[in-house]
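Visitor: Got a sequence here, can you model it:
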Amino acid sequence: MDFLCLDFINSQWYNNHQLYQELLRNPGWINDFLTKWKLGNEFNLSEGNINQLCKLRAQLTELIEKISSAQVLSPAELDQINTYLALTKVIPELKYDNIVYTLELTPLVKDFNWLLAQIVVSFTELLTKYDLARIKICQNPACKWVFYDESRNRTRRWCDSSCGNLIKVRRFRARQRNK
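Guide: Now for the predicted structure:
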């Protein structure tokens, strides 16, 4: 399951476990990210904008760490989220397509503040519509990838099998040394 906010948060870690680089400073990655999430490509990100994105990412990472350890967000943290949500004004619009009515929120202005708000909207949807116990951080200390555990019994501990195998091999080798 893909979430805009998790892709954004994971931009600080190893992208597919390759060497670390600051993806928010990589125009190619930003373009791919905006295209994947249908956010448009009309943003000319200044150094200040990128710094704001980095700050938002750090804030969301802290909140994910709390949530993944079953802690409740404080009123100050909720205020922080609501401040981002208030950055943009939207018009609710009822639409009809293929015998289905939908409610769409159309922004008055599609600017950088709207982009920040969209990332936080994704985060709030994750918190309000999905099982919080399934939001996890990879237990490989060198990875820390954030993921949504879709396993049946909710016991997934690693972002993917390569991290899981790496940790299992390390534990096995440590046990062999201690014999």
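Visitor: pretty sure Phe33 belongs to a strand, no?
Guide: No. The assignment for Phe33 (DSSP: H, G, I helix; E, B strand; the rest coil) gives helix, which keeps it out of a strand.
Visitor: Tell me which residues are up against the longest helix seen in the chain.
Guide: Identified as the longest helix of the chain according to DSSP state H is helix 47-68. For helix 47-68, contacts defined as C-beta atoms under 8 Å, 6 or more residues apart in numbering pick out 5, 8-9, 11-12, 22, 24-25, 43, 45, 72-73, 77, 80-81, 84, 112, 116, 119-120, 123, 127, 132, 135-137, 146. Any C-beta I mention is one placed from the backbone N, CA and C, and that applies to glycine too.
Visitor: Got a PyMOL select line for the buried ones in those residues?
Guide: Here is the PyMOL command that selects only those of these that count as buried (16 or more other C-beta atoms under 10 Å):
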select buried, resi 5+8+9+11+12+24+43+45+80+81+84+112+116+119+120+123+127+135+136+137+146
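Visitor: circling back to that earlier point, now do the helix or strand just after the longest helix of the chain against helix 47-68, angle only.
Guide: Going down the chain from helix 47-68, the next helix or strand is helix 75-85, by DSSP states H and E. Compare the direction of helix 75-85 with that of helix 47-68 by axes from the mean of the first three to the mean of the last three C-alpha atoms, to 10 degrees and you get 140 degrees.
Visitor: Tell me which other helices or strands helix 75-85 touches.
Guide: helix 47-68, helix 112-129 (3 or more C-beta pairs under 8 Å, 6 or more residues apart in numbering; DSSP states H and E).
Visitor: Report the rounded mean pLDDT for that helix.
Guide: Helix 75-85 carries an average pLDDT of 97.
Visitor: Mind exporting the C-alpha coordinates of the helix or strand following it to PDB?
Guide: Note on helix 75-85: by DSSP H and E, the next helix or strand toward the C-terminus is strand 90-97. C-alpha atoms of strand 90-97 as PDB (Å, rounded to 0.1, in the frame of the first residue of the first chain):
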ATOM      1  CA  VAL A  90     -10.100  24.700  -0.800                       C
ATOM      2  CA  ILE A  91     -13.600  24.700  -2.300                       C
ATOM      3  CA  PRO A  92     -15.600  21.500  -1.800                       C
ATOM      4  CA  GLU A  93     -17.000  20.400  -5.100                       C
ATOM      5  CA  LEU A  94     -19.600  17.600  -5.700                       C
ATOM      6  CA  LYS A  95     -18.800  15.700  -9.000                       C
ATOM      7  CA  TYR A  96     -20.600  12.900 -10.800                       C
ATOM      8  CA  ASP A  97     -18.700  10.400 -12.900                       C
END
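Visitor: In CSV, list the C-alpha atoms belonging to the longest helix of the chain.
Guide: In CSV, the C-alpha atoms belonging to helix 47-68 read as follows (Å, rounded to 0.1, in the frame of the first residue of the first chain):
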residue,chain,number,x,y,z
GLU,A,47,16.4,26.8,-1.1
GLY,A,48,13.9,28.1,1.4
ASN,A,49,11.2,25.8,0.1
ILE,A,50,13.5,22.8,0.3
ASN,A,51,14.4,23.7,3.8
GLN,A,52,10.7,23.9,4.7
LEU,A,53,10.2,20.4,3.2
CYS,A,54,13.1,19.1,5.2
LYS,A,55,11.6,20.6,8.4
LEU,A,56,8.2,19.1,7.6
ARG,A,57,9.8,15.7,6.9
ALA,A,58,11.6,15.8,10.3
GLN,A,59,8.4,16.7,12.1
LEU,A,60,6.4,13.9,10.4
THR,A,61,9.2,11.5,11.2
GLU,A,62,9.0,12.3,14.9
LEU,A,63,5.3,11.9,14.8
ILE,A,64,5.6,8.5,13.0
GLU,A,65,8.1,7.3,15.6
LYS,A,66,5.6,8.2,18.4
ILE,A,67,2.7,6.5,16.6
SER,A,68,4.7,3.4,15.7
